[in-house]
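> Quick one: sequence and predicted model below, then my questions.
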Amino acid sequence: MMHDALWSAQRFREFLTLLRGGMFAPPIDDDERDEFLRQARARIAPDVQRRVLAEVGASVDGDGVALIAFELLESCAWDPRRTWLLATSDPWRHLADLVAREVTAAYGESVRRVGDDDELAGILSASTRAQLEAGDEE
């Protein structure tokens, strides 16, 4: 069921506690997950989109940002990032920071790999097989 209201910091902390759950707790149900995704899209996606565009010049999808936020929360269920999310007075802003850092780091890794491949392809296409084997620079 969709709700019109944005989650408070306290409601976000409750969700994070449910997400941690543990081995014997029931998993987050689909409705709860979908509502978190809606909340993340509304609460953090615009900020993450602005930051990524300003930092690396790339646009990102709001639904993708929300999915990354959910996955990040799942992966940090037992580490210090979760502890800080529970303690900070503005967990939504901190989550936006975490997601923006994750996305910009992923962008940097992706660009490096693509750039390396393009550079190697350029070297190969500019040189003959005989030149490469002989070490010629022509």
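Arrived safely.

> neighbours around D47, how many?
Using other CB atoms under 10 Å, D47 has 17 other residues around it. C-beta coordinates here come from the backbone N, C-alpha and C atoms, glycine included.

> contacting residues around the strand or helix carrying it?
Element membership of D47 [criterion: DSSP states H and E] is helix 45-56. The contact list for helix 45-56 (CB atoms under 8 Å, 6 or more residues apart in numbering) reads 58-60, 62-63, 65-66, 93, 96, 99-100, 103-104, 107-108, 111.

> Can you name every helix or strand that the very next helix or strand once past that helix contacts?
Tracing the chain past helix 45-56, the next element assigned as helix or strand by DSSP H and E is helix 62-75. Packing partners of helix 62-75 (3 or more CB pairs under 8 Å, 6 or more residues apart in numbering; DSSP states H and E): helix 9-20, helix 30-43, helix 45-56, helix 80-87, helix 91-126.

> Same list as before, the ones you listed that is, but in JSON lines and with distance to L72 and mean pLDDT included.
Shown next, in JSON lines, are these (distance: least, CB to CB, whole Å; pLDDT from 0 to 100):
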{"stretch": "helix 9-20", "distance to L72": "11", "mean pLDDT": "90"}
{"stretch": "helix 30-43", "distance to L72": "10", "mean pLDDT": "96"}
{"stretch": "helix 45-56", "distance to L72": "11", "mean pLDDT": "96"}
{"stretch": "helix 80-87", "distance to L72": "8", "mean pLDDT": "89"}
{"stretch": "helix 91-126", "distance to L72": "6", "mean pLDDT": "78"}
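
> Out of those helices, the one nearest E74 is which?
Nearest of the helices and strands packed on helix 62-75 to E74, taken as CB to CB: helix 9-20 at 6.5 Å.

> What distance do you get for F12 to Y107?
Plainly put, F12 is 26 Å away from Y107 if you go by CB to CB, to the nearest Å.
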